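Visitor: The sequence and its predicted three-dimensional model are supplied below.
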Amino acid sequence: MGKYDEIREVAQGLYIKGKLSKKKIAEFVGVTDKTLRTWVEKHAWDQLKEAQSVTRQQLLADAYAQLKAVNKAVQDRGGVPDKALTDAKSVLRKEIEQLSDSPLHLYVEIYTEVSEWLVEQRPDKAGEVSKLFLEFLDQKNESA
């Protein structure tokens, strides 16, 4: 990976976190506003930013709410589930287990908090640490 790619990765991390303006990000990484806008459009950073906003806690809360609704439907049927409700419960239980037991989500949450703190407290180190943490996450994801 070249130096330019590294700069783009740092800019992407800062953009996705949403704490800094585009102008500040461009200044921080040393590119023009136009270059940053091009990266945002070309690499779909707005979609990544939106995806980042969906947290594990939200997904887990949604899964529990859906399971509660399925359980209510079973009660409404006299306590006996049909095949569709049984299948739904099974899928939801697996989803809840995955969201609860996977340690990777914890690393991502920590990465997010550390990145935000670095941008505010030590912006000179944010890019370097962010790059290292992303490498760490990649390795953890490969071994999972």
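Guide: Received, thanks.
Visitor: And residue 31, which helix or strand is it part of?
Guide: According to DSSP states H and E, residue 31 maps onto no helix or strand at all.
Visitor: neighbours around residue 11, how many?
Guide: Here the number of neighbours of residue 11 (other CB atoms under 10 Å) works out to 25. No exception for glycine: its C-beta is placed from N, CA and C like everyone else's.
Visitor: And residue 88, by the same measure?
Guide: The burial count for residue 88: 19, using other CB under 10 Å.
Visitor: can you give me phi and psi for it?
Guide: phi -60, psi -40 (degrees, to the nearest 10).
Visitor: Tell me the pLDDT of it.
Guide: Per-residue pLDDT puts residue 88 at 90.
Visitor: Next: the one 10 residues further on.
Guide: At residue 98, the predicted lDDT confidence score is 76.
Visitor: tell me the SS of residue 54?
Guide: coil (DSSP: H, G, I helix; E, B strand; the rest coil).
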